[in-house]
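J.: with the input below, show me the fold.
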Amino acid sequence: MITGTLAAQAIPILISPVLTRLYAPAEWGIYATFMFVAATVAAFASGNYQYAIMLPEEEQGAANVLGVCLGTTAGVSALCLLFALGVSFAPPDLVAGLRIGDWVWLLPPMVLLQSGFETLNYWILRKQRFALLSTSRVLRAVMMAGANLLFGYASVPGGLIVSSLLGQLVATGALAWQVVREDRAILGGIERAGMRELAHRHRHFPLYALPAELVSTGAMQLPVLFLDATSAGLFAFVQNVVNAPLTVVSGAVLDSFKDRASRDYRETGRFREILTKLGGALFLLGLPGAALLFFAGPALFAFVFGEEWRLGGEYASILALMFLAKFVANPLSYSYYIVERQRENLVLHAIFAGLTAAALGAGVYGLESASAAVALYSATYVVKYALYAGRAYVFSGGAPQRAS
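T.: Numbering: from 1, shown residues only. Next up is the predicted model:
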């Protein structure tokens with residue numbers, strides 16, 4: 001699975017030097033704003049019930065949870081369509097102020113596809129069809145890369161946004177087709193009574209995990225809202241390019257950690273062995289790349305992407321330690337879902353969201369410096385990831401009292 005995921009992430013990285021010469025930083029800023037809104041709503045769409053797909057012992061129970069996820073996703077996507085319709089009747093000045101403008105019409109399908117992909121991802125992880133996940137990610141990367149290049153050379157407005165939508169359509173469609181083909185019998189047994197029962201049993205996911213996910217997604221992308229369009233575009237580009245090779249390995253590890261740690265916890269009440277092995281390996285693997293960014297980020301970006309993107313390299317240098325901390329802590333933080341400590345997770349996310357907004361505000365409005373804002377943002381997240389890694393270690397050693 002890691003090989004396929006690496007290939008999926010390598011494709012956009014390889015074409016990045018071309019894309020930076022086809023799309024201006026301001027265009028990346030519009031794209032970042034659109035994806036920020038889409039990702040935030042998509043995190044809400046499934047009610048976070050997708051995490052519960054891994055928990056039932058019986059397949060039919062997991063299928064009913066899947067039905068809950070897909071039903072709520074369809075409902076939220078319909079609400080997004082009504083929102084887009086309402087925006088179409090809003091004053092032009094207000095629409096322009098949203099920064100994404102007429103692209104609001106692409107929000108409903110993007111939310112539907114993103115949330116659907118995430119839900120199907122957990123179902124396929126439960127079924128241990130790792131090769132299918134890799135294939136879908138490669139298909140998404142190939143489609144996005146080809147469309148980005150085509151639309152960029154043709155100067156098609158919103159090329160980055162449309163390309164992402166097409167890539168997500170291909171990836172989600174591939175997963176949906178395979179799930180229907182392989183699991184038709186199980187899915188046919190989905191019942192409303194079973195869905196209601198499982199929705200109530202795992203209600204702590206929408207009550208606590210969902211708000212935590214929304215707060216986390218929103219807080220991480222706050223720079224897109226605080227910074228001007230050009231600075232936001234540089235920040236978003238750094239996130240896309242620098243975060244990609246780290247996220248691919250971290251994400252693949254997360255998929256494996258979900259399965260192994262969940263099984264260990266169900267059987268023994270502990271999962272420290274797998275947590276410490278993966279945490280140490282991730283730190284050693286991510287350290288060289290973080291060091292390279294820290295010491296040579298500006299020069300590296302100017303050489304690879306063009307002098308116009310040197311400031312993006314400065315942002316990458318500032319964010320290097322945060323990327324390393326995220327690389328290690330993100331997979332391990334899934335421990336909160338394994339031991340069902342969603343309430344604590346929500347409280348911590350809310351606290352750090354407030355700290356993140358304060359840090360960005362101090363940088364943008366107090367120090368009047370985008371670089372200072374990014375530095376304060378980075379420092380806040382380093383503390384957050386360190387705390388989450390520590391709590392994951394505590395959880396892995398025993399079985400804390402579960403949330404009700």
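
J.: for the stretch 51-200 of the chain, which residues score under the pLDDT cut-off?
T.: 89-101 (pLDDT under 70).

J.: centre of the chain to stretch 302-320, how far?
T.: Here stretch 302-320 is found 23 Å from its chain centre; the criterion is CA atoms, centre = their mean, to the nearest Å.

J.: show me which residues of it are buried.
T.: For stretch 302-320, the neighbour count (16 or more other CB atoms under 10 Å) marks 302, 305, 309-320 as buried. From N, CA and C alone the C-beta is placed, and that goes for glycine too.

J.: in helices, which of these appear?
T.: Cross-referencing these against helices under DSSP state H gives 302, 305, 310-320.

J.: out of the buried residues of stretch 302-320, which is nearest to residue 46?
T.: residue 319 (29.2 Å; CB to CB).

J.: confidence score at the closest one?
T.: Looking at residue 319, its pLDDT is 94.

J.: so what's it up against?
T.: Going by CB atoms under 8 Å, 6 or more residues apart in numbering, residue 319 touches 238, 242, 293, 374, 378.

J.: swap the cut-off to 10 Å and go again
T.: Residues in contact with residue 319, defined by CB atoms under 10 Å, 6 or more residues apart in numbering, are 235, 238-239, 242-243, 290, 293-294, 297, 326, 374-375, 377-378, 381-382.

J.: wait, residue 52 touches residue 197, no?
T.: No - the pair residue 52 and residue 197 does not pass the contact test of CB atoms under 10 Å, sitting 12.0 Å apart.

J.: how much space between residue 351 and residue 332?
T.: Distance, residue 351 to residue 332, using CB to CB, to the nearest Å: 19 Å.

J.: actually residue 375, sorry about that
T.: Taken as CB to CB, the span from residue 375 to residue 332 is 25 Å.

J.: what's the answer for residue 140, then?
T.: 26 Å.

J.: the two: who's more crowded?
T.: residue 332 (28 against 23; other CB atoms under 10 Å).

J.: so where's the stretch 301-404 of the chain uncertain?
T.: Along the stretch 301-404 of the chain, the model assigns pLDDT under 70 to residues 399-404.

J.: try it again with 90
T.: 302-312, 328, 330-347, 349-350, 353, 368, 395-404 (pLDDT under 90).

J.: show me where it has helices.
T.: Using DSSP state H, counting those that start in this stretch, the helices of the stretch 301-404 of the chain run over 310-332, 335-338, 342-361, 370-396.

J.: for residue 186, find the nearest of these.
T.: Once the helices of the stretch 301-404 of the chain are compared by CB to CB, helix 335-338 is nearest, at 22.9 Å.

J.: hmm, who's touching that closest one?
T.: Outside helix 335-338, the residues touching it (CB under 10 Å, 6+ apart) are 48, 51-52, 54-55, 204-205, 208-209, 212, 257-258, 261-262, 264-266, 271, 275, 341-346, 348-349, 388-389, 391-396, 399-400, 403.

J.: show me what contacts residue 305?
T.: Residue 305 sits in contact with 16, 17, 18, 19, 20, 21, 237, 241, 312, 313, where contact means CB under 10 Å, 6+ apart.

J.: is it true that the fifth one touches residue 309?
T.: Right, the one you point to is residue 20. Yes - taking CB under 10 Å as the definition, residue 20 is a contact partner of residue 309 at 5.6 Å.

J.: quickly list what's touching both of the two.
T.: Residues touching both residue 20 and residue 309 by CB under 10 Å, 6+ apart: 28, 237, 241, 301.

J.: how about CSV for these, with secondary structure added?
T.: CSV is the format used below for those (DSSP: H, G, I helix; E, B strand; the rest coil):
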residue, secondary structure
28, helix
237, helix
241, helix
301, helix
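
J.: which one of these is nearest residue 73?
T.: Distance ranking of the shared contacts of residue 20 and residue 309 against residue 73, using CB to CB, places residue 28 first at 27.7 Å.

J.: which one is the closest one nearest to, not counting chain neighbours?
T.: residue 233 (3.4 Å; CB to CB, 6 or more residues apart in numbering).

J.: name the element that neighbour belongs to?
T.: helix 229-268 (DSSP states H and E).

J.: any idea of the mean pLDDT in that helix?
T.: 78.

J.: now the residue nearest to residue 44 when sequence neighbours are not counted: phi and psi?
T.: Ranked by CB to CB, 6+ apart and with sequence neighbours excluded, the top spatial neighbour of residue 44 is residue 214, at 5.7 Å. The phi and psi values for residue 214, taken as degrees, to the nearest 10, are phi -60, psi -50.

J.: okay, now residue 214: neighbour count?
T.: 18.

J.: now it: how far from residue 46?
T.: Taken as CB to CB, the span from residue 214 to residue 46 is 12 Å.

J.: so which elements touch whichever helix or strand residue 29 is part of?
T.: Element membership for residue 29, per DSSP H and E: helix 25-45. For helix 25-45, the packing partners by 3 or more CB pairs under 10 Å, 6 or more residues apart in numbering; DSSP states H and E come out as helix 2-22, helix 59-88, helix 107-126, helix 159-182, helix 210-220, helix 222-226, helix 229-268, helix 310-332.

J.: got the CA coordinates for the fourth one in PDB?
T.: I take that to be helix 159-182. Only the C-alpha atoms of helix 159-182 are listed here, as PDB (Å, rounded to 0.1, in the frame of the first residue of the first chain):
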ATOM      1  CA  GLY A 159      -8.100  25.100 -13.300                       C
ATOM      2  CA  LEU A 160      -6.700  24.000  -9.900                       C
ATOM      3  CA  ILE A 161     -10.200  23.700  -8.400                       C
ATOM      4  CA  VAL A 162     -11.700  21.800 -11.400                       C
ATOM      5  CA  SER A 163      -8.700  19.400 -11.500                       C
ATOM      6  CA  SER A 164      -9.200  18.500  -7.900                       C
ATOM      7  CA  LEU A 165     -12.900  17.800  -8.400                       C
ATOM      8  CA  LEU A 166     -12.100  15.500 -11.400                       C
ATOM      9  CA  GLY A 167      -9.400  13.700  -9.500                       C
ATOM     10  CA  GLN A 168     -11.700  13.100  -6.500                       C
ATOM     11  CA  LEU A 169     -14.500  11.900  -8.800                       C
ATOM     12  CA  VAL A 170     -12.300   9.200 -10.300                       C
ATOM     13  CA  ALA A 171     -10.900   8.100  -6.900                       C
ATOM     14  CA  THR A 172     -14.300   7.900  -5.200                       C
ATOM     15  CA  GLY A 173     -16.000   6.300  -8.200                       C
ATOM     16  CA  ALA A 174     -13.300   3.500  -8.200                       C
ATOM     17  CA  LEU A 175     -13.900   2.800  -4.600                       C
ATOM     18  CA  ALA A 176     -17.700   2.800  -4.900                       C
ATOM     19  CA  TRP A 177     -17.700   0.500  -7.800                       C
ATOM     20  CA  GLN A 178     -15.400  -2.000  -6.100                       C
ATOM     21  CA  VAL A 179     -17.400  -1.900  -2.800                       C
ATOM     22  CA  VAL A 180     -20.700  -2.500  -4.600                       C
ATOM     23  CA  ARG A 181     -19.200  -5.300  -6.700                       C
ATOM     24  CA  GLU A 182     -17.500  -7.200  -3.800                       C
END
